[in-house]
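1. sequence first, then the predicted structure, then my questions.
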Amino acid sequence: MKTLRLVAVLLLAVTLSAFTINSDDKGYNIGDIATDFKLENIDGNMVSLSDYKDARGFIVIFTCNTCPYAVAYEDRIEALNKKYADKGYPVIAIMPNDTEVKPGDNMEAMQARAKAKGFTFPYLMDEGQEVYPQYGATKTPHVYVLQKTKKGNEVKYIGAIDDNYKDASAVKQKYTENAVDALLNGKTIDTPQTRAIGCSIKVKS
């Protein structure tokens, strides 16, 4: 009996150890430096963060055409770009879904959606799905506010755009705006991380 208990304890320890090792592979935390990327925009050009020489930071948003949550936030994402791009924090939208699973998120559909909505921000495709896992994005939409520092693009905020996806007029906490405003004013972000609300990012099963 003692031997069985010892084996059980050892198995539990190994299991917990495995989870601990893997916990570092779940994307960025606050204070991490984000790796740059090079992704295709809807206009056919390749876009990187390094292209934005005058930017003070970025509002990176993983989003798509087909998720109802993402669609509900489209106007608010556009409003974020219009409010903050000229202040040095442009929106960089990235579509992370596998397009075989979600054909409505293919490049042609992205182009059509951007034209219909009048997007003023780049709308990039994470072809090969290599970028969103680096960030640790799990939802559409999922926001990462980055600030340019001497070390690189430092992650300052992760999470939701605000606290009410259903009704923009009923929003009480504008998490992303509050974060960017704090950075622009040299202040500490009161809520640096929130839970992203949206659809799961689609991958091949």
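-> Nice, I can see it.

2. low-confidence ranges, this protein, go.
-> Filtered on pLDDT under 70, the chain yields the residue ranges 1-25.

3. what do you get if the cut-off is 50, keeping everything else the same?
-> 1-24 (pLDDT under 50).

4. what segments of it are strands?
-> In the chain, the segments counted as strands under DSSP state E are 33-34, 39-41, 46-47, 57-62, 91-95, 123-125, 139-140, 142-148, 153-159, 199-200.

5. in CSV: these, plus distance to Leu80 and mean neighbour count.
-> Bear in mind the C-beta positions are built from the backbone N, C-alpha and C, glycine included. As requested, the strands of the chain are arranged in CSV below (distance: least, CB to CB, whole Å; neighbours: other CB atoms under 10 Å):
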stretch, distance to Leu80, mean neighbour count
strand 33-34, 18, 16
strand 39-41, 18, 19
strand 46-47, 17, 15
strand 57-62, 6, 25
strand 91-95, 5, 26
strand 123-125, 14, 24
strand 139-140, 15, 26
strand 142-148, 9, 24
strand 153-159, 12, 22
strand 199-200, 19, 14
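
6. which stretch among those strands comes nearest Asn81?
-> For the strands of the chain, distance to Asn81 was read as CB to CB. The smallest value, 3.8 Å, belongs to strand 91-95.

7. pull the residues that contact the closest one.
-> 39, 47, 49, 58-65, 77-78, 80-81, 84-85, 105, 110, 119, 121-126, 131-132 (CB atoms under 8 Å, 6 or more residues apart in numbering).

8. hang on, the earlier thing: adding distance to Val101 as columns, could you present the strands of the chain in TSV?
-> Written out in TSV, the entries for those read as follows (distance: least, CB to CB, whole Å):
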stretch	distance to Val101
strand 33-34	26
strand 39-41	19
strand 46-47	24
strand 57-62	15
strand 91-95	12
strand 123-125	14
strand 139-140	13
strand 142-148	18
strand 153-159	25
strand 199-200	11
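
9. so which of those gets nearest Gln173?
-> Smallest distance to Gln173 across those (CB to CB): 10.7 Å, for strand 153-159.

10. just the residues contacting that closest one, thanks.
-> Contact with strand 153-159 is made by 28-34, 36, 49, 57-58, 136, 142-148, 175-176, 179-180, 183, 189, 192-196, as judged by CB under 8 Å, 6+ apart.

11. Asp181 versus the residue lying closest to Ala182 once chain neighbours are set aside, what's the distance?
-> The shortest distance from Ala182 to any residue other than its chain neighbours is 4.6 Å, reached at Ile189 (CB to CB, 6 or more residues apart in numbering). Taking CB to CB, to the nearest Å as the measure, Ile189 falls 9 Å from Asp181.

12. check Lys117 too.
-> The separation that Lys117 has from Asp181, given CB to CB, amounts to 25 Å.

13. over to Lys156?
-> In terms of CB to CB, Lys156 sits 12 Å off from Asp181.

14. contacting residues around Lys172?
-> With contacts taken as CB under 8 Å, 6+ apart, Lys172 has the following neighbours: 163-164.

15. I am finished for the moment; much appreciated.
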